[in-house]
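Enquirer: Just to be clear, the model below is a prediction. Sequence and coordinates:
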Amino acid sequence: MRRRRGEAPDAAPAAADGATADTPAPAQSTATPGRLSWCLWAAPLVAARLLAAAYMPIADCDEVFNYWEPLHYLLHGYGLQTWEYSPVYALRSYLYIVLHLPFALVARAAAQCLGGDKVTAFYLTRAALGLASAGCELRLVSAAHAALSRSVALPLLVLLASSAGMSHASVSFLPSSFAMGCLALAFAHWIEASCRAAPAVHSRPASSGLDLTARAYTSSIWWVAAASLVGWPFAALAGLPLAIDATAALGPRRFLFLAVRYGALLIVPTVALDSYFYGRLVASPIHMLRYNLNLSGGAQLYGTEPAAFYFRNLALNLGVGLPAALAAPVLLAAAGLAARGHQSSPNRSGAPVQGSGQELPPCRPPGPPNTTPPHSTPNAPMLSRRRVLLLLSPGYIWVAFFSAIPHKEERFLYPVYPILCLAAAVGVNEACRLCSAALCGYATAAVQRAGGGKGRGDAAATGLTGSAGVQGEPPLPRAIATGRAVLLLTAAAIGLSRSAALCIYYGAPARTYSRLSRHIAARQPAGAAAAGAEATHFPPVNICVGAEWYRYPSSFFLPSPAVSVRFVQSGGGGLLPSPFSAPPPAGSRAVHAHFNDRNEAAEASFTPEHLCDYLVVLNIDGQPKLDARPPRDKRHAGGGAAAGLVGRWAEWDGAIPFLDAAHSRGWSRTFFVPALQMPGEGGVAAGNFLRRHNVFGRYVVLERG
């Protein structure tokens, strides 16, 4: 822990029993607070989010059809509609789409200025989502640094920037991703509200301390309300511990007043916008809750998974962070027991032993993570481990609740990824503190055996936490810090390898549609792309897709209103989207007679193959197949049987390798190792190693001859 500016040397023990075993650093200068340091801490998050926006494939077809398509519809006047957006069912709220419309408008204007197309606008919008998420995550890192320590904030930053789960959650256009950002802000304010040293750390009169705490609770309640009513109604579950704590801190009447006020501020525009677009009075959050909690049907129609599904998923998406997060409560309890033992064994000066596992460090004001406040707060209260466990509890409650629900999807975990990363960071830090305490005790015993005659608390005085060691050995905390650094580097390498595997193995659909869009645009008459939604005087072009319909990246990849995507029969059941019948609001109010909430396929959703101009297929074993998905895929239409093609088709230049997950081994397709796993031309993996373990197909565009 760094020494605070203006602090006397004899105050060092009070700051020494913080949650870090780092070597003390020189005090910061009293000059400017360090904007550069904030840039250094923000750089990994910003870089990771921009890379994810550019390369991470869309993981869920719901993101495309329920969010990108309505956004495209409001932006351009045409797009695809799902049954959830039918006025009969009205499960989705247009408020979430409308809130993102300004970003899409700016992205479209920027793309036009750069000479780009709708694909460019799509990626710029995605980049804006990633940057917004990075800001929310950085706010959480700042709160963790202020209330816990740099030793918690640094692992948190590494896990947020490198984990595969955060990479695709942060750039997803999903309510669960929006809820993730809002909850990250809510937890940041809640952590700060837990710091009872507000008057001291902010250098304000004592009477303002309660106001600052109340303000932090108020902000956290607002963000939970936004996550639940604008994002995903289930996000309220993560706010239950916060609600209980805020009720105790603010009083039931104050909390109820805030909850009702914020609820009204958000539900009124939700009902107003939805009623406008649906053409009738609608409260979509209520419809969504009712449908998903219907255990006799509803979401269960799209498949169920075993209780261990989320733990397997978290193992892939958090890597080393998962065991650390699961171990955090046990480590907090163990450190608490160790603290009780050390409280009864002070050193000769009465000060606790550094690294002995006592209370977490005093709260500090938010600021650049590698700067220290100019005012000393030796009497600031500390966050108890019980308090830290309460702050982490929403992550455990969330995973337990959704593991008990039969219908499971990866995106359901998005809202609590940041809090699980925080739990993992706390787990790593507590493990380091316990190791430091154990090694400190061992070193003290060694000094006593050597006849130094020093007491238990004099271990720190021998330099065991500084530059000198026992009998010339390296300093023990430095060894612990090295081990922590190796662990974090390993976690980052695993997370980045997993993210790279997703981008390289499954990135073919977006690249294929992007190239096809530009190919068609070059062949269309001038002005087709700028025409309105009802531009019928241009020759129509139909891009058809069969089993690969769920990898279609959205109408942003269609160059003009004259180009449309159509679905052909793929040998299975399932209700597919249909085009909006007119520009808004007439199209959003229209009812498609074939829409249903039972996931039953309708003939009206399909187009005969002879009307197709292009066909997008996945070529496996040299044969283009309309249905090439694994049989165990329960969510999407199709039964896995090959379908013959009618008429003459020629392969359009531009086939891209795509991993055939059904015929590749699980361990070799999970991670990407550059020296071994670069797919070569024609989808064949380079090197003998992966020829034996991974199988690549080819994402192909067929053009009618």
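Expert: Perfect, I can see it now.

Enquirer: Next one: residue 99 relative to residue 53, how far apart?
Expert: 18 Å (C-beta to C-beta, to the nearest Å). C-beta: built from backbone N, CA, C; applies to glycine.

Enquirer: out of the two, which sits in the busier spot?
Expert: Of the pair residue 99 and residue 53, residue 53 is the one with more neighbours under other C-beta atoms under 10 Å, namely 22 against 16.

Enquirer: Could you list the buried residues of the host helix or strand of that one?
Expert: Using DSSP states H and E, residue 53 maps to helix 35-55. For helix 35-55, the neighbour count (16 or more other C-beta atoms under 10 Å) marks 38, 41-42, 44-46, 48-53, 55 as buried.

Enquirer: just stretch 599-611 next, same as before
Expert: Of the residues in stretch 599-611, 601-602, 605-606, 609 count as buried by neighbour count, 16+ other C-beta under 10 Å.

Enquirer: I'd guessed residue 333 sits against residue 388; true?
Expert: No - in this structure, residue 333 is not within contact of residue 388 by C-beta atoms under 8 Å, at 11.0 Å.

Enquirer: quick one, which of those two is more surrounded?
Expert: Higher neighbour count among residue 333 and residue 388: residue 388, with 25 against 14, using other C-beta under 10 Å.

Enquirer: Tell me how far that one lies from residue 422.
Expert: Noted for residue 388: a distance of 10 Å to residue 422, by C-beta to C-beta.

Enquirer: Contacts only, for residue 222.
Expert: For residue 222, the contacting residues are 186, 258, 262, by C-beta atoms under 8 Å, 6 or more residues apart in numbering.

Enquirer: Quick one: name whatever helix or strand follows the strand ranked longest in the chain.
Expert: Ranked by number of residues, the top strand in the chain under DSSP state E is strand 649-659. Downstream of strand 649-659, the first helix or strand assigned by DSSP H and E is helix 666-670.

Enquirer: Please list the residues outside that following helix that contact it.
Expert: So helix 666-670 is contacted by 316, 498, 501, 505, 659, 661, 677, 690, 693-694 (C-beta under 8 Å, 6+ apart).

Enquirer: From those, which land in strands?
Expert: Per DSSP E, those map to strands at residue 659.

Enquirer: and the contacts of helix 666-670 as CSV, adding neighbour count and distance to residue 522?
Expert: Formatted as CSV, those follow (neighbours: other C-beta atoms under 10 Å; distance: C-beta to C-beta, whole Å):
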residue, neighbour count, distance to residue 522
316, 19, 40
498, 22, 37
501, 20, 33
505, 22, 29
659, 24, 30
661, 17, 33
677, 23, 34
690, 22, 36
693, 15, 39
694, 20, 35
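
Enquirer: Need the contacts of helix 666-670 in CSV (columns: distance to residue 563 and pLDDT).
Expert: What follows is the contacts of helix 666-670, written out as CSV (distance: C-beta to C-beta, whole Å; pLDDT from 0 to 100):
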residue, distance to residue 563, pLDDT
316, 36, 93
498, 35, 95
501, 32, 92
505, 28, 91
659, 28, 89
661, 30, 84
677, 35, 56
690, 37, 52
693, 39, 75
694, 34, 82
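
Enquirer: For residue 653, list the residues it contacts.
Expert: By C-beta under 8 Å, 6+ apart, residue 653 lies in contact with nothing.

Enquirer: And residue 589, by the same measure?
Expert: Counting by C-beta under 8 Å, 6+ apart, residue 589 makes contact with 87, 277-279.

Enquirer: can we see that at 10 Å?
Expert: By C-beta atoms under 10 Å, 6 or more residues apart in numbering, the contact list for residue 589 reads 86-87, 276-280, 581-582.

Enquirer: and what of residue 159?
Expert: By C-beta under 10 Å, 6+ apart, the contact set of residue 159 is 165-166, 318-321, 324-325, 417-418, 420-425, 428, 488, 491-492, 495.

Enquirer: Spatially nearest residue to residue 592 (excluding sequence neighbours)?
Expert: residue 578 (5.5 Å; C-beta to C-beta, 6 or more residues apart in numbering).

Enquirer: any chance you could read off phi and psi for that neighbour?
Expert: phi -130, psi 160 (degrees, to the nearest 10).

Enquirer: Surely it and residue 591 touch.
Expert: No - Residue 578 lies out of contact with residue 591 (C-beta atoms under 10 Å); the separation is 11.2 Å.

Enquirer: More neighbours: which of these two?
Expert: Neighbours were counted for residue 578 and for residue 591 using other C-beta under 10 Å; residue 578 has more, 18 against 10.

Enquirer: just to revisit the earlier point, and the buried residues of stretch 599-611, which two are furthest apart?
Expert: The span of the buried residues of stretch 599-611, defined through C-beta to C-beta, is set by 602 and 609 at 17.7 Å.

Enquirer: Can you pull the phi/psi pair for residue 320?
Expert: Here is the backbone geometry of residue 320 (degrees, to the nearest 10): phi -60, psi -20.

Enquirer: which regions of the stretch 351-500 of the chain sit below the pLDDT cut-off?
Expert: Where the stretch 351-500 of the chain drops to pLDDT under 70, the residues are 351-382, 441-476.

Enquirer: Over to the stretch 501-650 of the chain?
Expert: Filtered on pLDDT under 70, the stretch 501-650 of the chain yields the residue ranges 526-538, 571-573, 622-647.

Enquirer: circling back to that earlier point, dump the buried residues of helix 35-55 into JSON lines; add pLDDT and distance to residue 549 as well.
Expert: Below are the buried residues of helix 35-55 laid out as JSON lines (pLDDT from 0 to 100; distance: C-beta to C-beta, whole Å):
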{"residue": "38", "pLDDT": "76", "distance to residue 549": "44"}
{"residue": "41", "pLDDT": "89", "distance to residue 549": "42"}
{"residue": "42", "pLDDT": "93", "distance to residue 549": "39"}
{"residue": "44", "pLDDT": "95", "distance to residue 549": "36"}
{"residue": "45", "pLDDT": "96", "distance to residue 549": "34"}
{"residue": "46", "pLDDT": "97", "distance to residue 549": "34"}
{"residue": "48", "pLDDT": "97", "distance to residue 549": "30"}
{"residue": "49", "pLDDT": "98", "distance to residue 549": "28"}
{"residue": "50", "pLDDT": "97", "distance to residue 549": "29"}
{"residue": "51", "pLDDT": "97", "distance to residue 549": "28"}
{"residue": "52", "pLDDT": "97", "distance to residue 549": "24"}
{"residue": "53", "pLDDT": "97", "distance to residue 549": "24"}
{"residue": "55", "pLDDT": "96", "distance to residue 549": "22"}
